[in-house]
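Asks: Please work out how this folds:
(one chain, ligands or ions: 2)
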Amino acid sequence: MDSSEQRIKIAIQKSGRLTDHSIDLLQRCGLKVTRSKDQLFCYGENMPVDLLLVRDDDIPQLVADDICDLGICGLNIVEEKRLKMGAKSDAGLFKQVFELDFGHCRLSLAGPEGSEFKGPATLQNKRIATSYTSILEDYLATNNVSAEIVYFSGAVEITPKLGKADFICDLVSTGSTLAANGLVEVETLLNSEAIIIQTQAPLGKSKQDLVDRLLQRLDGVLQVRESKYIMLHAPRAALAKIQSLLPGTEAPTVLPLEGTEDRVAVHAVCRENVFWETLENLKAAGASSLLVLPVEKMLA
Ligand code: PRT
Ligand code: ZN
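Replies: Residues are numbered from 1 along each chain as shown. Ligands and ions are numbered 1, 2, ... in the order given. Next up is the predicted model:
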């Protein structure tokens, strides 16, 4: 077998909103990459993992066609592609592995300020501009609405002003683009964020082992993002109360303190951020010597 076949290929966005986050996440998993001159390929120096830098729209197809083993892109793109490809075949397409907690946005319907929207029926016989024709078609069909879908690949927000559409269906994050174009959001069709997808094709033992290891590391990186390690001293009698105040923890480690029977040291990993308010509540419950430390890596 060609040694390149043993390397894992991950498709990520070449240049856009997801690029830096995707590379950063993989680097946190221990991957070191060098970018080649053509910038379409990043060679993994310390692991048999290479990155293919492509347009985000191409990522689901590359994974479905088994050209790449994994891909990172927005759920909005994956869902649109899944509906488009699913319409043509029953094939499994790809496995949706997990959400990556960046690239958050929503696919929403919006209309000119002052336009009335009383549910999907308002869209009957209206023209709606979008580049997400399949998701919109699916939404309209589910709601028994017949409307004209007008395809635009970009600048969807200006179509109502140009008289080309009555409503639009586009991605929104802060809402400032809609506001700048005199539009208001009326309905959310999909909440999206970046996700990782995997080919349905069997990978063979060594490749699958490597993919599993990488996914486990990714999971660890995502888990520690908000996690904190908390250390404190507490009266033994207040342990139950203190444990109930620790956010997102399983059983904490309780250690004896030299020279005292009624006070103990408590160490715990909190899988949520620890705010000042939590520390103040712990102090009020009798805790002292409180320390909160960031967690760098975690392997469950
Ligand atoms: O060249 P390529 O095809 O790879 O890039 P692209 O231009 O298609 O994608 P890019 O980089 O703009 O977005 C990549 C992915 O980022 C999207 O598929 C989403 O999953 C995610 N994402 C998150 C967003 C946004 N937020 C977002 N705000 N994608 C686009 N937008 C656009 C939106 O289309 C609208 O024009 O930003 C504008 C609205 O932003 P607000 O903040 O004004 O509401
Ligand atoms: Zn794109």
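Asks: Within range of ligand 1, give me the residues from the stretch 151-300 of the chain.
Replies: Selection of the stretch 151-300 of the chain residues close to ligand 1 by Cβ under 6 Å from any ligand atom yields 170-177, 192. Yep, even glycine has a C-beta here, placed from its N, CA and C like the rest.
Asks: Next one: A238 from E272, what distance?
Replies: When Cβ to Cβ, to the nearest Å is applied, the distance between A238 and E272 equals 21 Å.
Asks: Highest neighbour count among the residues of the stretch 151-300 of the chain next to ligand 1?
Replies: Among those, D170 has the most neighbours (other Cβ atoms under 10 Å), with 25 neighbours.
Asks: thought that one was touching R106?
Replies: No: the criterion here is Cβ atoms under 8 Å, and D170 misses it with R106 at 9.8 Å.
Asks: could you point out which element follows the worst-scoring helix or strand of the chain on mean pLDDT?
Replies: Ranked by mean pLDDT, DSSP states H and E, the weakest helix or strand in the chain is strand 33-35, scoring a mean of 84. The element immediately downstream of strand 33-35 (helix or strand, assigned by DSSP states H and E) is strand 41-44.
Asks: neighbouring contacts of the helix or strand following that following strand?
Replies: Next helix or strand after strand 41-44 toward the C-terminus (DSSP H and E): strand 49-54. Applying Cβ atoms under 8 Å, 6 or more residues apart in numbering, the contact partners of strand 49-54 are 7-15, 19, 23, 26, 31, 33, 39-44, 62, 68, 210, 214.
Asks: Report the distance from strand 49-54 to the chain centre.
Replies: From the chain centre to the centre of strand 49-54 is a distance of 19 Å (Cα atoms, centre = their mean, to the nearest Å).
Asks: quick one: low-confidence ranges for the protein?
Replies: Where the chain drops to pLDDT under 70, the residues are 1-5, 37, 87-92.
Asks: what does it put close to ligand 2?
Replies: Within the chain, the residues that sit near ligand 2 (Cβ under 5 Å from the ion) are 56-57.
Asks: Same question for the longest helix anywhere in the chain: list its buried residues.
Replies: Ranked by number of residues, the top helix in the chain under DSSP state H is helix 205-224. By neighbour count on 16 or more other Cβ atoms under 10 Å, the buried set for helix 205-224 is 207, 210-211, 214-215, 217-224.
Asks: angle of it against strand 49-54?
Replies: Here the directions of helix 205-224 and strand 49-54 differ by 70 degrees (axes from the mean of the first three to the mean of the last three Cα atoms, to 10 degrees).
Asks: Export only the CA atoms of helix 205-224, formatted as PDB.
Replies: Extracted as PDB, the C-alpha positions of helix 205-224 are listed here (Å, rounded to 0.1, in the frame of the first residue of the first chain):
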ATOM      1  CA  LYS A 205      -7.400  -0.500  11.400                       C
ATOM      2  CA  SER A 206      -4.300   1.800  11.600                       C
ATOM      3  CA  LYS A 207      -6.100   4.800  10.000                       C
ATOM      4  CA  GLN A 208      -9.200   4.300  12.200                       C
ATOM      5  CA  ASP A 209      -7.000   4.100  15.300                       C
ATOM      6  CA  LEU A 210      -5.400   7.400  14.300                       C
ATOM      7  CA  VAL A 211      -8.800   9.000  13.600                       C
ATOM      8  CA  ASP A 212     -10.100   7.800  17.000                       C
ATOM      9  CA  ARG A 213      -7.000   9.200  18.700                       C
ATOM     10  CA  LEU A 214      -7.400  12.500  17.000                       C
ATOM     11  CA  LEU A 215     -11.100  12.700  17.800                       C
ATOM     12  CA  GLN A 216     -10.400  11.800  21.400                       C
ATOM     13  CA  ARG A 217      -7.900  14.700  21.600                       C
ATOM     14  CA  LEU A 218     -10.300  17.000  19.900                       C
ATOM     15  CA  ASP A 219     -12.900  16.100  22.500                       C
ATOM     16  CA  GLY A 220     -10.400  16.700  25.200                       C
ATOM     17  CA  VAL A 221      -9.500  20.200  23.800                       C
ATOM     18  CA  LEU A 222     -13.200  21.100  23.600                       C
ATOM     19  CA  GLN A 223     -13.900  19.900  27.100                       C
ATOM     20  CA  VAL A 224     -11.100  21.900  28.700                       C
END
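Asks: who touches the helix or strand following it?
Replies: Using DSSP H and E, the helix or strand that follows helix 205-224 towards the C-terminus is strand 228-235. The contact list for strand 228-235, computed with Cβ under 8 Å, 6+ apart, reads 242, 246, 257, 262-270, 273-274, 282, 285-295.
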